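# build me a model from this:
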Amino acid sequence: MTDRIETERLILRLMRRDDAEALLPLFGDPVFIASFEATPFDLDEMEAWVERNLVHQAANGVGLYTVVLRSAGLVIGDCGLEWIDIDGEPVAELGYDIRRDHWGHGYATEAASAIRDHALHVLGLPRLVSLIQVGNAASMRVAEKIGMTNAGALNRYGNRYFRYELRRPDPAAGG
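So this is what the prediction gives:
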């Protein structure tokens with residue numbers, strides 16, 4: 001897993017334990033966390049969430065990157081890959097979360113594009129999915145901007161999601 005991915009405005013670096021406090025303004029925001037039908041995190045919950053991500057990263061070779069605004073050195077979110085199971089099949093889910101005070105600047109699209117390219121061209125993954133809660137129009141737009149298409153809906157953990165997908169082009173098919 002690459003330690004760091006840079007874009008024009010962002011630095012995506014592997015998540016670390018000490019990122020919990022910097023990520024708390026995101027996951028502690030009641031407006032942001034409502035999109036997951038959850039309650040805002042406190043610091044202990046944030047630390048546990050980061051730890052779960054680090055364990056996943058160590059076990060699976062993919063994980064979340066902390067998204068840092070290059071110009072300010074400010075942590076504004078996370079973006080990366082997680083192996084999940086959909087209908088008995090393991091798939092790489094591309095996820096992205098940006099602090100509400102930084103919405104509307106294209107940061108989620110920029111970070112997700114970088115992870116998409118890394119996943120398809122460096123890691124050689126054949127397919128990516130993004131599960132987006134029904135009603136989260138902004139996340140749907142990000143998925144569409146990076147080339148994903150809506151492949152239907154599913155229920156997961158009692159919530160309804162749209163499953164967006166992107167397959168790596170097959171060079172043998174001229175793609």
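# quick check: next helix or strand after the strand ranked longest in the chain?
Secondary structure of the chain read by DSSP state E shows that its longest strand is strand 74-86. The element immediately downstream of strand 74-86 (helix or strand, assigned by DSSP states H and E) is strand 89-98.
# and the angle for that next one with strand 74-86?
Between the axes of strand 89-98 and strand 74-86, defined by axes from the mean of the first three to the mean of the last three CA atoms, to 10 degrees, the angle is 160 degrees.
# ok so, going back, quickly run through the sheet partners of the longest strand of the chain, with directions.
The partner list of strand 74-86 in its sheet, established with DSSP bridges, is strand 64-69 (antiparallel), strand 89-98 (antiparallel).
# and that strand, what's buried?
Residues of strand 74-86 classed as buried under the neighbour-count rule (16 or more other CB atoms under 10 Å) are Val75, Ile76, Gly77, Asp78, Cys79, Gly80, Leu81, Glu82. All C-beta atoms are positioned from the backbone trio N, CA, C, and that covers glycine.
# what does stretch 106-121 give?
Buried positions in stretch 106-121, judged by neighbour count with 16+ other CB under 10 Å: 107-116, 118-120.
# got the contact list for Trp49?
Under the criterion of CB atoms under 8 Å, 6 or more residues apart in numbering, the contact list for Trp49 reads Ala20, Leu23, Phe27, Phe41.
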